[in-house]
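Engineer: show me the folded form of this:
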Amino acid sequence: MSDEVLNKIYSNSYYLEYLRRHPKWYYYLDLDPKYFQEFERVVKKESKTTTYDKLESLKNQINFASSMINYFRK
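Structural biologist: Purely as a prediction, here's the structure:
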């Protein structure tokens, strides 16, 4: 595996955890460093750290706060 890919993996705890739980990615990342983009996409999707997931979480928090405010107004 290239040093650049290793540095990226060790600098992000999500990547390292995912790689330890899914060792098949060692093979792909060792085979070709270009697979790192796909690896990143999969990790973000699994750990729910995509932009969509963050916006969905924010929306849920706002809805909860709104419902609490409405509840206490009554």
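
Engineer: which residues are in contact with the residue nearest the centre of the chain?
Structural biologist: For the chain, the residue nearest the mean C-alpha position is residue 44 (2.6 Å; CA atoms, centre = their mean). By CB atoms under 8 Å, 6 or more residues apart in numbering, the residues touching residue 44 are 14, 50. In short, each C-beta sits where N, CA and C put it, glycine included.

Engineer: figure out the helix or strand that it lives in.
Structural biologist: Secondary-structure assignment from DSSP states H and E places residue 44 in helix 36-46.

Engineer: could you point out which element follows that helix?
Structural biologist: Next in sequence after helix 36-46, counting helices and strands by DSSP H and E, comes helix 51-73.

Engineer: now that next one: buried residues?
Structural biologist: Using 16 or more other CB atoms under 10 Å as the test for burial, helix 51-73 gives no buried residues.

Engineer: and that helix, what's its mean pLDDT?
Structural biologist: Average pLDDT, helix 51-73: 91.

Engineer: and it with helix 36-46, angle?
Structural biologist: Orientation check (axes from the mean of the first three to the mean of the last three CA atoms, to 10 degrees): helix 51-73 against helix 36-46 gives 20 degrees.

Engineer: mind listing residues that contact helix 51-73?
Structural biologist: residue 48.

Engineer: give me the contact list for stretch 22-41.
Structural biologist: 1, 2, 4, 5, 8, 9, 15, 18, 19.

Engineer: dump the residue contacts of the first one.
Structural biologist: Going back to what we said before, that points to residue 1. By CB under 8 Å, 6+ apart, the residues touching residue 1 are 26, 29, 30, 33.
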